[in-house]
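K.L.:
for reference, the sequence and a predicted model appear below.
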Amino acid sequence: MPGPQILSAEQVLLTTLVVKLAVMAALATMLVRYRRFRHILISERRGWTDRLLLAMALGLPLTVGVASRLLLNYNAADLTLEGAFIVGLIAGPYAGAIVGAVVGLPPLANGEFIALPFAIGCGFAGGGLRELCPKEAIWHFSPFIVTRLPMRVWHMLRRRQIDWQLVLLMAPVALELIRQALGFRWSNHQRLFYLHPEPFWTLAVILLATVLAVATPIKIWNNARIEHRLEEQEKLLLAARVEALSNRINPHFLFNTLTSISSLIRTQPDTARMLITKLSGLLRRLMRSSDHFVTLREELESIDQYLDIEVVRFGPQLQVVKEVGAGTLDLIVPSMLLQPIVENSIKHGLTRKVGGGRITIRTERRGDRTLVEVHDDGLGMTEERLADALTGGIGLSNVNERLRTIYGTTCTLKLSSRTGAGTSVSVEIPDLTLSERISA
């Protein structure tokens with residue numbers, strides 16, 4: 001006589017879904033601990049080797065999960081839909097199809113002939129969505145989107161613009177509905193594994209679990225990407241501070257400044273005293289630890305001491321003009337953003353120019369971004385030098401790399417120059433609130 005049933009069919013289903021989410025989260029957490037896997041996630045331009053490694057890194061554990069379902073009746077380990085879709089979404093349609101093929105083969109031995117084409121289709125679906133969707137929108141996909149669903153639908157309808165988060169939400173829902181329909185159609189022959197919605201209202205819970213099983217690993221991996229960016233930012237800032245001490249305030253600069261001070265002590269003691277004050281303040285600012293981010297007001301103040309020294313050294317030949325737009329002074333910017341750019345303008349644009357020279361620092365609001373531009377009317381650069389300006393040395397190249405690390409590939413320095421007419425360096429910086437400011 002069979003023993004009493006401990007759990008109802010409804011409770012078994014809910015338990016299976018909870019364990020399914022735990023398995024996916026555990027797998028994502030384990031994989032992200034490997035440096036090679038993190039490197040593949042961080043780089044958006046992946047070669048075939050990286051795509052195959054990512055496909056195998058997920059495909060093999062997922063295949064073990066399918067085998068566990070077939071041999072041990074452990075339904076929570078079968079993540080065929082979610083795994084193939086995620087790999088396609090992250091690495092492209094062919095990588096997703098490879099994972100679909102790997103996890104879809106074992107069920108064939110059990111007579112589940114629809115499993116293979118369905119799994120491959122999930123991989124292609126994820127890859128196709130990747131081709132259409134902005135890459136950053138994929139990484140912003142989060143389990144918490146479910147809590148803001150009504151507001152996002154309202155905003156999308158009001159603005160009449162595609163909300164890619166909703167598209168990413170609906171894709172796994174649609175695939176799960178297709179699986180339910182195919183599984184129900186061939187339920188008598190068991191051609192495709194699916195979780196039966198018993199009672200029918202549990203279908204909503206199954207759909208929610210499918211979405212969360214896709215969004216949870218993306219959230220975990222995106223956190224790892226953010227941590228990597230912060231680590232790279234700290235390395236770049238450290239390199240910038242060391243370089244500032246060794247090159248920015250180098251012996252040549254100190255020698256020239258001290259020579260200017262000694263020549264002014266008798267004739268213009270007040271000016272000499274001012275130069276000493278500015279030089280000591282500049283050295284103090286560079287030698288102490290600073291925040292990763294400062295306001296634009298602080299950044300402008302930090303280069304004033306450097307510019308004041310240069311103005312005294314060059315005399316009336318060097319003019320510095322600031323055109324600060326309304327509402328830009330409280331913008332949060334990476335520390336030591338302007339000093340290398342201004343240094344580059346003086347060193348390469350104005351030092352060898354005969355006659356007067358002027359540097360203009362301009363800021364201007366443009367929607368949710370702020371334009372920061374440094375322009376000089378110096379000698380300008382040839383096309384060859386302009387092409388190499390962001391790759392050589394640690395000045396502009398370091399600033400450019402820091403901007404890419406913090407804000408993404410869309411935020412980089414833009415250079416324009418004409419021989420004999422001057423050079424402009426500009427960047428549009430997205431808004432960053434004080435709550436997001438990171439201290440060293």
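P.N.:
Perfect, I can see it now.
K.L.:
make it CA atoms for all contacts and neighbour counts henceforth
P.N.:
Will do.
K.L.:
quick one: low-confidence residue ranges for the stretch 201-350 of the chain.
P.N.:
238-254, 256, 285-292, 313-316 (pLDDT under 70).
K.L.:
which segments of this protein make up each domain?
P.N.:
Listed domain ranges for the chain are 9-228, 289-436 (source: automatic domain parsing).
K.L.:
and those domains: which comes nearest residue 234?
P.N.:
Each of those has some distance to residue 234 by C-alpha to C-alpha; the shortest is domain 289-436, at 7.8 Å.
K.L.:
make CSV from the domains of the chain and add distance to residue 234 to it.
P.N.:
As requested, the domains of the chain are arranged in CSV below (distance: least, C-alpha to C-alpha, whole Å):
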stretch, distance to residue 234
domain 9-228, 10
domain 289-436, 8
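K.L.:
as TSV, those with mean neighbour count would be great.
P.N.:
Converted to TSV, the domains of the chain look like this (neighbours: other C-alpha atoms under 10 Å):
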stretch	mean neighbour count
domain 9-228	18
domain 289-436	17
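K.L.:
in terms of mean pLDDT, which of those ranks lowest?
P.N.:
Note on those: domain 289-436 shows the lowest mean pLDDT, a mean of 79.
K.L.:
extract the C-alpha set from the helix or strand hosting residue 137 and format it as CSV.
P.N.:
Secondary structure from DSSP states H and E places residue 137 in helix 135-139. Output in CSV follows, covering the C-alpha atoms of helix 135-139 (Å, rounded to 0.1, in the frame of the first residue of the first chain):
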residue,chain,number,x,y,z
LYS,A,135,24.4,45.7,-25.8
GLU,A,136,24.2,47.8,-22.6
ALA,A,137,20.4,47.2,-22.4
ILE,A,138,21.2,43.4,-22.2
TRP,A,139,23.4,43.9,-19.2
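K.L.:
need the contact partners of it.
P.N.:
For helix 135-139, contacts defined as C-alpha atoms under 8 Å, 6 or more residues apart in numbering pick out 89, 130, 164-165, 168, 218-219, 222.
K.L.:
can we see that at 7 Å?
P.N.:
The contact list for helix 135-139 (C-alpha atoms under 7 Å, 6 or more residues apart in numbering) reads 164-165, 218, 222.
K.L.:
does anything pack onto the next helix or strand after that helix? Which helices or strands?
P.N.:
Remark: after helix 135-139, the chain's next helix or strand is helix 149-159, criterion DSSP H and E. For helix 149-159, there is no helix or strand it packs on, judged by 3 or more C-alpha pairs under 7 Å, 6 or more residues apart in numbering; DSSP states H and E.
K.L.:
quick check, distance from helix 149-159 to the centre of its chain.
P.N.:
25 Å (C-alpha atoms, centre = their mean, to the nearest Å).
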